[in-house]
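> next one to model:
(one chain, ligands or ions: 2)
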Amino acid sequence: MAVNIILPPSSLSLWHTKKLIYSTQIRFRIMSSASKSQPQSVASSAVYQVPGLDSHEMDSTADKTFERYSSNTAKRNGKGVSIVWFRNDLRVLDNEALFKAWVSSQAVLPVYCIDPRLFQTTYYFGFPKTGALRAQFIIECLADLKKKLMKKGLNLLIQHGKPEDILPSLAKAFGAHTVYAHKETCSEELQVERSVARGLRQVELSRAQGNSSRSSSTHSPKLQLIWGSTLYHLDDLPFSVGSLPDSVEAKCTIRGCIRLPTSLGPPPSVDDWGIIPSVEQLGLHSEKVVKGMRFLGGETAALSRVTEYFWNKDLLKIYKETRNGMLGPDYSTKFSPWLASGSLSPRFIYEEVKRYEKERLANDSTYWVLFELIWRDYFRFISIKYGNSFFHLGGPRKVEKRWHQDQKLFETWRNGCTGYPLIDANMKELSASGFMSNRGRQIVCSFLVRDMGIDWRMGAEWFETCLLDYDPCSNYGNWTYGAGVGNDPREDRYFSIPKQAQTYDPDGEHVAFWVPELLTLPKERRNFPGKSYIEQVVPLKFGSSNKHHSQRSKYGGRHSGLRNR
Ligand SMILES: Cc1cc2nc3c(=O)[nH]c(=O)nc-3n(C[C@H](O)[C@H](O)[C@H](O)COP(=O)(O)OP(=O)(O)OC[C@H]3O[C@@H](n4cnc5c(N)ncnc54)[C@H](O)[C@@H]3O)c2cc1C
Ligand SMILES: Nc1ncnc2c1ncn2[C@@H]1O[C@H](COP(=O)(O)OP(=O)(O)OP(=O)(O)O)[C@@H](O)[C@H]1O
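Numbering: from 1, shown residues only. Ligands and ions are numbered 1, 2, ... in the order given. Down below sits the predicted model:
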């Protein structure tokens, strides 16, 4: 399958060319045509399970998909045991590491390591590295993965500890010749890969030392890393990542999904497969979603969401018109949490889009979902190109700018108490559900960085804590761009809050959902509540463009922060 790729230009003008007016008309169309059970305007306390199918429907959707993607033509020609080290690839469908492990062995041992480092703190500002909602999502992914593996005659060994401690000792205990895993790109993950490889090399040493009769040619277990997180395979790009262009159109082939046999068993004999921990056992306080979207973790839910969004609700054909929405499950695909945990393969989405185009229709919207996935690819590829500069204050461009780290001001942003309903609603949504729309993310990023003048890394790290779909490449890639320290010097990405509110939340539905005290105000005032709402903590950098909301600010002066407090 060949498609034309336009690697997104470094210029974020892309976001502007993509910008579409999100009209009230379109919103009503979605509500009425897509989700008949939903009211015209979203009630202020609703919880929306994503996907909205019941467990029976989800199981049957996943079973049918697996049937379509099973193939018994592959031949198993290996010996001994191989290990699959699951990381951010918590799926069975289109899992090349699992496939290769099966082909190359007589028994596969699937392992997931609960790495304590993932539950420590973020690098600079000490926020929880993984918030409770994402932890819960991952737990659900693991439970589902275990179920899926058991259906294929395997199981999932759950181990607590660092992969570099666990995998070499398992490889030794089971005599495994290879550990298969998916390759990552950011330094924390690369460090773990290096440590695992080092640990495995030592297994050979200790074996040879412990048994002098063994031939010196005995191999130590290998770590085999496989590329599998993107739509385009790294090896298929028509250029090296080091010379990744800012803007390019090229022909690139998308590989087909890997088709696994119906049975992958047997696993080696294991006394205790371990148990999937609870959120509390990970040292976190469990949180319940009582408002907004409640995403279900796992491959079953991921496949069901694709079916729900593409086929049952038939929303793919209007995606391009609705994707800038902010409220409810149906304005965009909501695939990101499953893509980030790897419970959904981007190549599977591609094949479903192609099937939809064949069986229903092809239009700009069907293409646009793929276009967004190319953005995702792009951030992953540039994370290789730019390395750790992605995480540094000056970003890849090494911009020298003055930022401050005013904690109190930052907290008004984080807690959704800035006095700007649009910011507050989005930030409350993030804390309460672990999700925020792409539109919301761009707006709160611009506000933090440009109106508040705060160090963008504080925002990025807070997103790292909270997002269900946290992925270092997409998160830090988008933040560096939003902060103007990405590799594109051309654009000042200022988002005017009044303009964004008028365009994307004209009836104040999103703000009234998340800030219920605004619900009683007339629709046109919900985003511009004046004295009916808390005081604004900073003035806007470029003032107001709407007469409704010329509102006093608690702290005078441009970027004055809380310094006058
Ligand atoms: C400041 C900021 C931080 C972000 N952090 C993350 C993050 O940690 N993880 C993450 O997956 N996305 C991140 N995004 C990108 C984007 O907001 C989400 O991917 C999107 O909102 C997810 O919703 P969806 O699945 O319904 O997207 P859709 O609109 O349905 O798009 C389909 C898929 O395309 C990809 N995609 C869409 N937009 C982008 C984008 N701008 N960058 C990269 N991929 C994109 C996602 O995989 C998404 O699931 C961030 C954006 C911003 C502005
Ligand atoms: N997966 C990830 N998620 C979040 N942050 C990451 C990830 N991988 C790497 N980083 C960040 O990359 C940076 C790498 O720091 P490291 O000390 O390894 O290198 P460095 O270039 O010397 O950075 P610094 O100069 O900040 O110390 C840190 O900010 C780290 O948090």
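> what's the local residue count around the closest residue to ligand 2 within the stretch 401-550 of the chain?
At 3.6 Å from ligand 2, Pro472 is the closest residue in the stretch 401-550 of the chain, using Cβ to the nearest ligand atom. In short, each C-beta sits where N, CA and C put it, glycine included. For Pro472, the neighbour count with other Cβ atoms under 10 Å is 22.
> go on, the one 5 residues further on?
Neighbourhood size, Gly477 [other Cβ under 10 Å]: 25.
> show me where this structure has its strands.
Remark: strands assigned in the chain by DSSP state E are 2-7, 47-50, 81-86, 107-114, 157-160, 176-182, 222-226, 248-253, 292-295.
> still on that earlier bit, the residue of the stretch 401-550 of the chain closest to ligand 2 contacts Ser229, doesn't it?
No. The pair Pro472 / Ser229 is not scored as a contact, 11.4 Å apart, by Cβ atoms under 8 Å.
> which residues do those two both contact?
Common neighbours of Pro472 and Ser229 (criterion: Cβ atoms under 8 Å, 6 or more residues apart in numbering): none identified.
> in contact with the residue of the stretch 401-550 of the chain closest to ligand 2, which residues?
Contacts of Pro472 (Cβ under 8 Å, 6+ apart): 186, 188-189, 383, 390, 464.
> and stretch 530-539, how far out from the chain's middle?
Counting by Cα atoms, centre = their mean, to the nearest Å, stretch 530-539 is centred 33 Å from the centre of its parent chain.
> export that stretch as PDB, just CAs?
C-alpha atoms of stretch 530-539 as PDB (Å, rounded to 0.1, in the frame of the first residue of the first chain):
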ATOM      1  CA  GLY A 530     -17.300  39.500  34.100                       C
ATOM      2  CA  LYS A 531     -17.900  39.900  37.900                       C
ATOM      3  CA  SER A 532     -20.000  36.700  38.000                       C
ATOM      4  CA  TYR A 533     -16.800  34.700  38.000                       C
ATOM      5  CA  ILE A 534     -13.400  34.700  39.800                       C
ATOM      6  CA  GLU A 535     -10.900  37.400  39.000                       C
ATOM      7  CA  GLN A 536      -8.500  37.000  36.200                       C
ATOM      8  CA  VAL A 537      -5.000  36.300  37.600                       C
ATOM      9  CA  VAL A 538      -3.200  37.900  34.600                       C
ATOM     10  CA  PRO A 539      -4.200  40.200  31.800                       C
END
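> can you list the buried residues in it?
Residues of stretch 530-539 classed as buried by neighbour count (16 or more other Cβ atoms under 10 Å): 533-534, 536-539.
> tell me, how many residues neighbour Ser229?
Neighbourhood size, Ser229 [other Cβ under 10 Å]: 23.
> meant to ask about Glu164, not that
Neighbours of Glu164 under the rule other Cβ under 10 Å: 19.
> is it in contact with Gln202, as I believe?
No. Taking contacts as Cβ under 8 Å, Glu164 lies outside contact range of Gln202: 10.2 Å.
> near ligand 2, which of the buried residues of stretch 530-539 show up?
Checked against ligand 2 using Cβ under 6 Å from any ligand atom, the buried residues of stretch 530-539 give no members in range.
> which residue, other than its chain neighbours, is closest to the residue most central in space within the chain?
For the chain, the residue nearest the mean C-alpha position is Asp469 (2.7 Å; Cα atoms, centre = their mean). Nearest non-adjacent residue to Asp469, counting by Cβ to Cβ, 6 or more residues apart in numbering: Ser336, 3.6 Å away.
> surely that neighbour touches Asn475?
No. Applying Cβ under 8 Å as the test, Ser336 and Asn475 come out as separate, 10.7 Å apart.
> quick one: residues contacting Ser105.
Contacts for Ser105 were tallied using Cβ under 8 Å, 6+ apart; they are 76, 78-82, 177-178.
> which of those residues count as buried?
78, 81-82, 177-178.
> which one of those sits closest to His404?
Nearest to His404, judged by Cβ to Cβ, of the buried ones among the contacts of Ser105 is Thr178 at 50.1 Å.
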